[in-house]
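[1] 3D, please:
(2 chains)
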Amino acid sequence: MKRRSYERLFYTIAIKLATGKGSHPGATPLDSIQEFSEGISKHLRDQAGVPWEKQVQWIRDTEAFTKRGFLQNDLSELSEPLRHQAIDEAFSSIAVGYATGRIMETQVPSSLRSFLKAFKQTLGHIFSLAKDIKAYSDSGTIDPEFKQYLDLATGFSEDSSVGKPLENLKNSNVTNAQTSETTFSLTSKDALHLQQEILEQPATELSTEGIPTSMTAKEVVAYAVENGFTGETRHDVLKTNKNPTGEAFVGRSGIKHAVSQTLHTEKLAVLGKMKTIIPSSIFIDTFQKKGNLISYRFAAKVSVDGKNLVARIVVDSDHNGNRYYNHELSDLEGLSALTKSPQSHQKTGSLLKEASLGNVEIEDTYKLLQFIFSVNENDVKTTTQENSNPESTETTSTTNESSPSSSQDSEDPNIMHERKSKIDERTYSSLQEKFRALAKKIYQSVIRRASRRGDGSPPRKGVNRSRHLFASTLTLTPEERKILASPYEIMLVHDADGRLDSVLLGDRYRSPLPSNIAPGAILTHNHPGGRGPSSSDILQAFKHPQATFRIVTTNEKNQVEVFQMKANLALDEKSIKRLIDDYADSCNSLGDTPLARRKAFAFFAKTHQTKISTEISIIR
Amino acid sequence: MNIKRNQTPKFDLGGYELTTEEMEKMQNRPERVAWINLCERIDAGTATPEEVEQYNYRLEPYDEMEPNVLYADMPHAEFEKMMREKRAKRLAAEAEAADQKPE
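    Next up is the predicted model:
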């Protein structure tokens, strides 16, 4: 029975893809991935007996790794169906992100990694099967086999299995050439599909006549309000439980934000009609950012004084309908003259090369205008600058995934795949570069306060942090707070008096230890991944019972965690290995997530309290 | 200067405290119980050769750790994989060196 529901899902999605039938006529591969992943999430919960709490834990772990929000913080207020829906959607966002390359493998917690790999492979099979069905259909040899698939999809065939029909198809002459490709080339067609949709859309005719040519941004906002640019609008895609009519509001702040990057009459002409443009605009995609912020992206074809343009519209909203400014753009050029070219958007990079609009043809034929609005004008809030960072990363990788040109589309899919991998690798390398630079910056800011500064200068008195280190309740020193933000591990070595002696820079997963650990030394290092102590940390604590080990980390809920441990006695190597292996096994049995390590460490500490003194604190 | 520490370790897990039930569940996890029993048999010298092999295999990864490195934030599964690969490489290199050694 369990297998049947999964099979039905498998074949239903393949048939929908092949025939364009389904809940959304003309469903794109992305729709199918979403539908499939949501179905899998339901299947896991309803059929495979995975508790929803476990699913939430997976999602929270992924949030901690990706630094992005997929699921609202408080699920307790939601009714069961809504909670399940939220979980399915969050699960789907992760699966789609992984399948399309927005979420890298390294950003997925180990508890979910194997599952997502299998998921991606299964999707490959689904796409392959969909192509096969389509090939059958096109060649006119569809009848008996297609009936079989439909039967399977609707659950009428009793002796069905996933393998059989796949095998039948692979043996077929019609499909041999096409079953080889199991990568996501269909995703690229998704971009093409969107592009075509935009190009085929009737353009909204606009004119710049009567629009003043020289105004400051402030004047523009006043002009826009006076001339009725502001007001309510709506789009079906924006419909949610809290916004049942899909309402959006073109307000002063939205206009101010839209013109803060570039100011020109064409843009003002579009802004003047934004209320009527949004309802007919084409939905590109949506994604969730940290802090429950959701961005909806739309595109609309407009013609200003006979000149073709594509307006890209971003509507930001949170679950309560509050507005947020998008700080991603605030680093760019501020207010300037009306004559500025829209091409200055090039400087935003990631935004211009947007997932589905990053097509050469569009850039050649149409200029791109960008507008940012929010769902609700009330309760203006601002997000932190950091919120923009994950999106920059995401859009870069998305661009790599789906920015085909017509010439690329005809190329060997394997070559395309190789290219994509190379680009992804480059993106990955550039991220690593950024991480290294940030870690180094933090390291340098901290080492200045140490006795030994690693620059050959004679030792000086390091900063004294005894007040923090020896406090009766666990408190972080300023340096410990600093290294929390480091994407690489940094080791702070304090002497027995609490003075910062030296600082060592490690990498993403490892931290060096000083060659000599003095009695009474206090060694603090950070865990960038948010996990608690590892078996290696505990091993070193036992190997150096003269020292205290502290681990600082930011957990999956953005809370600061401090773990402190000091071995009470020296153990032989065999006993240490057994202890730490038992600890590692406990962590693994719970998924080796931040929460798992917290629990396993608490268990370990309680079980072995005669051997090791520990303190754990979550600093809210 | 001594570290001021409570004699009883604190378990303030910010709402994630282990319940007695959870403690018992972790304590009595079958794999854990089996491992503890195996360790006891090893110590008593009553383990079968297969069990000794199993025991050694399980603790092998820790032999490969570099002395002055903390594999701190590394997931345990990745740590184990890395150490096993390292061990395999080391053993292969040692075997090769032994082959090349003139008799």
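[2] Three-state assignment for the residue in chain A positioned nearest to chain B, please.
    Nearest to chain B, among the residues of chain A, is A:Ile618, at 3.3 Å (C-beta to the nearest C-beta). Using the backbone N, CA and C atoms, a C-beta is placed for each residue, glycine as well. Put simply, A:Ile618 is strand when judged by DSSP: H, G, I helix; E, B strand; the rest coil.
[3] Could you give the number of residues near it?
    Neighbours of A:Ile618 under the rule other C-beta atoms under 10 Å in any protein chain shown: 17.
[4] Tell me what it is bridged to.
    Beta-bridge partners recorded for A:Ile618 (DSSP bridges): A:Glu561.
[5] That one and A:Ile33: what is the separation?
    Applying C-beta to C-beta, to the nearest Å, the value for A:Ile618 to A:Ile33 is 36 Å.
[6] Same check on A:Pro533?
    On the measure of C-beta to C-beta, A:Pro533 and A:Ile33 end up 37 Å apart.
[7] Enumerate the strands of chain B by residue range, in sequence order.
    In chain B, the strands defined using DSSP state E lie at B:69-70.
[8] Flag the shaky bits of chain A, pLDDT-wise.
    A:1-13, A:15-30, A:32, A:136-200, A:240-243, A:261-262, A:284-294, A:317-431, A:620 (pLDDT under 70).
[9] And the strands in it?
    A:204-206, A:231-234, A:247-250, A:282-289, A:293-304, A:307-317, A:367-374, A:490-494, A:500-505, A:511-512, A:522-527, A:548-554, A:560-567, A:612-619.
[10] what comes up buried for the first one?
    Applying a neighbour-count criterion of 16 or more other C-beta atoms under 10 Å in any protein chain shown, one finds A:204, A:206 buried in strand A:204-206.
[11] re earlier: looking at A:Pro533 and A:Ile33, which has the bigger crowd around it?
    A:Pro533 (31 against 27).
[12] which residues sit in contact with A:Leu595?
    A:57, A:60-61, A:555-556, B:16 (C-beta atoms under 8 Å, 6 or more residues apart in numbering or on different chains).
[13] ok, 10 Å please
    A:57, A:60-61, A:64, A:530-532, A:555-557, B:13, B:16 (C-beta atoms under 10 Å, 6 or more residues apart in numbering or on different chains).
[14] Just the buried ones from those, in PyMOL syntax?
    A single PyMOL command selects the buried members of those (16+ other C-beta under 10 Å):
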select buried, (chain A and resi 57+60+61+64+530+531+532+555+556+557) or (chain B and resi 13+16)
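[15] got the contacts of A:Leu595 as JSON lines, with distance to B:Ala93 columns?
    Output for these, formatted as JSON lines (distance: C-beta to C-beta, whole Å):
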{"residue": "A:Gln57", "distance to B:Ala93": "41"}
{"residue": "A:Arg60", "distance to B:Ala93": "42"}
{"residue": "A:Asp61", "distance to B:Ala93": "37"}
{"residue": "A:Ala64", "distance to B:Ala93": "38"}
{"residue": "A:Gly530", "distance to B:Ala93": "36"}
{"residue": "A:Arg531", "distance to B:Ala93": "32"}
{"residue": "A:Gly532", "distance to B:Ala93": "35"}
{"residue": "A:Asn555", "distance to B:Ala93": "40"}
{"residue": "A:Glu556", "distance to B:Ala93": "41"}
{"residue": "A:Lys557", "distance to B:Ala93": "45"}
{"residue": "B:Leu13", "distance to B:Ala93": "45"}
{"residue": "B:Tyr16", "distance to B:Ala93": "45"}
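[16] B:Ala72: which of the contacts of A:Leu595 is nearest?
    For these, the minimum distance to B:Ala72 (C-beta to C-beta) is 8.7 Å, reached by A:Arg531.
[17] That closest one contacts A:Thr553, doesn't it?
    Yes - at 6.7 Å, A:Arg531 and A:Thr553 qualify as touching, with contact defined as C-beta atoms under 10 Å.
[18] hey, what's in contact with both of the two?
    A:64, A:561, A:594, A:597-598, B:72-73.
[19] Surely A:Leu492 and A:Leu523 touch.
    Yes - applying C-beta under 10 Å as the test, A:Leu492 and A:Leu523 come out as touching, 7.2 Å apart.
[20] Tell me where the model's unsure across chain B.
    Those would be B:1-17, B:101-103, if you go by pLDDT under 70 across chain B.
[21] Centre-most residue in it?
    B:Leu59 (5.2 Å; C-alpha atoms, centre = their mean).
[22] Can you give me the distance of it to B:Arg90?
    For B:Leu59, the distance to B:Arg90 - C-beta to C-beta - is 16 Å.
[23] what's the answer for A:Pro514, then?
    A:Pro514 is 26 Å from B:Arg90, by C-beta to C-beta.
[24] and the gap between B:Glu51 and B:Arg90?
    25 Å.
[25] Can you mark which positions in the helix ranked longest in chain B are buried?
    The longest helix of chain B (DSSP state H) is helix B:76-100. Neighbour counts over helix B:76-100 (16+ other C-beta under 10 Å) mark B:76-77, B:79-80, B:83 as buried.
[26] cool, and stretch A:569-586?
    A:571, A:576-586.
[27] One more: stretch B:35-51?
    Applying 16+ other C-beta under 10 Å to stretch B:35-51 flags B:35, B:38-39, B:42, B:47 as buried.
[28] among those, which are within reach of chain A?
    B:35, B:38-39, B:42 (C-beta under 10 Å from any C-beta of the partner chain).
[29] Mind checking which of those residues land in helices?
    Short answer: these in helices (DSSP H) are B:35, B:38-39, B:42.
[30] Could you measure from A:Asp74 over to A:Glu89?
    Applying C-beta to C-beta to A:Asp74 and A:Glu89 gives a distance of 16 Å.
[31] Same check on A:Arg465?
    45 Å.
[32] who has more neighbours, these two?
    Between A:Arg465 and A:Glu89, counting by other C-beta under 10 Å, A:Arg465 is the more crowded of the two (23 against 17).
[33] what sits against that one?
    Contacts of A:Arg465 by C-beta under 10 Å, 6+ apart are A:449, A:475-480, A:492, A:494, A:497-500, A:522, A:524.
[34] Also within reach of chain B: list those from the residues you listed.
    A:497-498, A:522.
[35] Let's see the ChimeraX selection covering just the buried ones among the contacts of A:Arg465.
    Burial among those is assessed by 16+ other C-beta under 10 Å; the matching ChimeraX selection reads:
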select /A:449,475,476,477,479,480,492,494,498,499,500,522,524
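[36] what two of the contacts of A:Arg465 are the furthest from one another?
    Of all pairs in the contacts of A:Arg465, the most separated under C-beta to C-beta is A:Leu476 and A:Asp497 at 18.2 Å.
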